[in-house]
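Asks: Okay, predicted coordinates and the sequence, questions at the end:
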Protein chains: 2
Amino acid sequence: MSTGPAFKRLPRAVRQQQMLDSAVRIFSRRGYHGASMDEIAEVAGISKPMVYAYLGSKEELFVACLHREGTRMVEAIAGAAAPDLPADERLWRGLRAFLGFVGAHRDGWAVLYRQARAEQPFARELTVMRARLVEVVAGMLDHALRAEGREVADTELEVVAYALVGASESLADWLADHPEADPEKTATQMMNVAWLGAGQLLHGLTWHPPVA
Amino acid sequence: MSTGPAFKRLPRAVRQQQMLDSAVRIFSRRGYHGASMDEIAEVAGISKPMVYAYLGSKEELFVACLHREGTRMVEAIAGAAAPDLPADERLWRGLRAFLGFVGAHRDGWAVLYRQARAEQPFARELTVMRARLVEVVAGMLDHALRAEGREVADTELEVVAYALVGASESLADWLADHPEADPEKTATQMMNVAWLGAGQLLHGLTWHPPVA
DNA sequence: GAGCATACCTACTCGTGCGTAAGGTTACGC
DNA sequence: GCGTAACCTTACGCACGAGTAGGTATGCTC
């Protein structure tokens, strides 16, 4: 008499998600190259050929992780920032959603940003996502500027947007390494730097290097 | 009659630097795992066992690269920021030195930040360097605050410093990907966000979330 | 309850790349 | 000139991990 099968047979859709969950965890801990397909399969409670059957190659598996986590993140942010609010409130909501997401999905964040940036094949994918974020922020600044009746070259806006996105990412990393920290509070502090600084710029105030 | 040895015999110190030069280039292009010791040896114009004889293992070689480039960078920044200047000028000089360094040593930057962050064994090394930078910035803010007769919790300062460092790093990446861009100008733009934002904070102005 | 698709496994092949053993060649001290 | 130490090479062992071949069990349909 058997005790029944040790492994339940599950429909494809379910197993696939389990595999992705496992892969995100392993990739985030070991890095792309450090992760082995054997370990991913083991953690998913399944054998290796199943992973290949469902997800293709290791590279495709990683891209699938990137895609799922990236989509979740973008949706979390997009869902929070209603289009017709004043600029600072949009920035605030987007920021809060972003840091909140990172706080709740640290593995996803690690895969998305820490791993993917280093690897040639995936850098492009990542750069595109990031560029979209920068564009959104730059668009917001531009909108606010026009409302003030002022105008600034696109490159300048892009650089400022880059700085803001970079600062947010940096705080996201800080958050990922400090589990006790409160995402909400961190977002407020980020707003302090971002909005006061950007706000000054919006009102035409600029800083100039000291004359040597 | 031989045409003489194809490879010159060189003293250890010289060869070691050549190897590190080669290693930094290859690591920055291929990533830590993507780089092969064979290729590094080939580019250095030397055979593989020499690399092992002088630098030990692949991991040690990478750490040596990290260490050399990191030291160069820290020295470049520290050498620029004289201790007794006003806060905004210190920030400005440090920033300019930092972005100038990245503009001139793109390979070094790539090794230091893009590669090392993803790999477990080196993350710690990197975190320490970064923490030192954050500490310097936080110290500067603290100093300026006390001069204003105000005081703020250490954690708050750290978060703001983190944001500033992150924004700078982000612009460094932008710079590395835009060879035509001018580091000097980029530094000025960064100062605009950083100093106006931080400056407002220093004067006691804060941003508060809207009451839902 | 036969047939078929789908879920799932064990056990391999094979390339790649780290690290090394063993030996050759040039410079330099005496 | 001759030993010796430092420089440098070719050619290999070996482990690890991506990907696969081929086979088994389970449920679903008619």
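Replies: Received, thanks. Numbers count the residues shown, from 1 in each chain, chains lettered A, B, ... in the order given.
Asks: Could you point out the helix or strand that follows the helix or strand of chain A with the lowest mean pLDDT?
Replies: Within chain A, no helix or strand scores below helix A:116-118, which has a mean of 78 by mean pLDDT, DSSP states H and E. Once the chain leaves helix A:116-118, the next helix or strand it forms, by DSSP states H and E, is helix A:120-147.
Asks: Show me what that next one is packed against.
Replies: Contacts defined by 3 or more CB pairs under 8 Å, 6 or more residues apart in numbering or on different chains; DSSP states H and E place helix A:120-147 against helix A:58-80, helix A:87-104, helix A:116-118, helix A:154-177, helix A:183-202. Using the backbone N, CA and C atoms, a C-beta is placed for each residue, glycine as well.
Asks: okay if I get the ones you listed as a markdown table plus mean neighbour count?
Replies: Shown next, in a markdown table, are those (neighbours: other CB atoms under 10 Å in any protein chain shown):
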| stretch | mean neighbour count |
| --- | --- |
| helix A:58-80 | 17 |
| helix A:87-104 | 21 |
| helix A:116-118 | 23 |
| helix A:154-177 | 22 |
| helix A:183-202 | 22 |
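Asks: circling back: how distant is the least confident helix or strand of chain A from the center of its chain?
Replies: 13 Å (CA atoms, centre = their mean, to the nearest Å).
Asks: Then stretch A:159-169?
Replies: For stretch A:159-169, the distance to the chain centre is 13 Å (CA atoms, centre = their mean).
Asks: ok, now stretch A:134-148?
Replies: On the basis of CA atoms, centre = their mean, stretch A:134-148 sits 21 Å off its chain's mean C-alpha point.
Asks: Could you do stretch A:117-130 as well?
Replies: Relative to its chain's centre, stretch A:117-130 lies at 12 Å (CA atoms, centre = their mean).
Asks: can you check stretch A:85-96 too?
Replies: 17 Å.
Asks: what about it and chain B, touching?
Replies: Yes - judged by CB under 8 Å from any CB of the partner chain, stretch A:85-96 and chain B are in contact via A:88, A:89, A:92.
Asks: Minimum pLDDT in those residues, which residue is that?
Replies: pLDDT is lowest at residue A:88 among the residues of stretch A:85-96 next to chain B; the value there is 78.
Asks: Touching, that residue and residue A:196? I think so.
Replies: No - using CB atoms under 8 Å, residue A:88 is not in contact with residue A:196, being 10.1 Å away.
Asks: Return the residues of chain A in contact with DNA strand C.
Replies: By CB under 7 Å from any atom of the strand, the part of chain A that sits against DNA strand C consists of A:7-12, A:15, A:46-50, A:53.
Asks: Would you mind giving those residues as JSON lines with distance to chain B and secondary structure added?
Replies: Shown next, in JSON lines, are the residues of chain A next to DNA strand C (distance: CB to the nearest CB, whole Å; DSSP: H, G, I helix; E, B strand; the rest coil):
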{"residue": "A:7", "distance to chain B": "31", "secondary structure": "coil"}
{"residue": "A:8", "distance to chain B": "33", "secondary structure": "coil"}
{"residue": "A:9", "distance to chain B": "36", "secondary structure": "coil"}
{"residue": "A:10", "distance to chain B": "32", "secondary structure": "coil"}
{"residue": "A:11", "distance to chain B": "34", "secondary structure": "coil"}
{"residue": "A:12", "distance to chain B": "31", "secondary structure": "helix"}
{"residue": "A:15", "distance to chain B": "28", "secondary structure": "helix"}
{"residue": "A:46", "distance to chain B": "25", "secondary structure": "coil"}
{"residue": "A:47", "distance to chain B": "25", "secondary structure": "coil"}
{"residue": "A:48", "distance to chain B": "20", "secondary structure": "helix"}
{"residue": "A:49", "distance to chain B": "24", "secondary structure": "helix"}
{"residue": "A:50", "distance to chain B": "26", "secondary structure": "helix"}
{"residue": "A:53", "distance to chain B": "26", "secondary structure": "helix"}
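Asks: Buried subset of those, written for ChimeraX?
Replies: The buried residues among the residues of chain A next to DNA strand C can be selected in ChimeraX (16 or more other CB atoms under 10 Å in any protein chain shown) with this line:
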select /A:15,46
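Asks: domains for chain A, by residue range?
Replies: Following automatic domain parsing, one finds the domains of chain A at A:10-56, A:65-202.
Asks: picking that back up, what comes into contact with the least confident helix or strand of chain A?
Replies: Outside helix A:116-118, the residues within contact range by CB atoms under 8 Å, 6 or more residues apart in numbering or on different chains are A:31-32, A:66, A:122-123, A:125-126, B:31-32, B:114-115, B:117-119.
Asks: residues near the closest residue to residue A:10 other than its chain neighbours, how many?
Replies: Nearest in space to residue A:10, with sequence neighbours left out and distances taken as CB to CB, 6 or more residues apart in numbering or on different chains, is residue A:18 at 7.8 Å. Residue A:18 has 14 neighbouring residues, counting by other CB atoms under 10 Å in any protein chain shown.
Asks: Same check on residue A:36?
Replies: Neighbours of residue A:36 using other CB under 10 Å come to 13.
Asks: For residue B:58, see how far away it is.
Replies: Separation of residue A:36 from residue B:58 (CB to CB, to the nearest Å) stands at 18 Å.
Asks: Without its sequence neighbours, what residue ends up closest to residue A:162?
Replies: Spatially, and ignoring its direct neighbours in sequence, residue A:162 is nearest to residue B:174 (5.0 Å; CB to CB, 6+ apart).
Asks: Isn't the one you found up against residue A:161?
Replies: No - with contacts counted by CB under 8 Å, residue B:174 stays clear of residue A:161, the gap being 10.1 Å.
Asks: Poorly predicted segments of chain A, please.
Replies: When residues are selected by pLDDT under 70, those of chain A lie in A:1-7, A:120, A:198, A:201-205, A:211-212.
Asks: Quick check: residues of it near DNA strand D?
Replies: Counting by CB under 7 Å from any atom of the strand, chain A sits next to DNA strand D at A:5, A:9, A:35, A:36, A:37, A:38, A:48, A:49, A:52, A:57, A:58, A:59.
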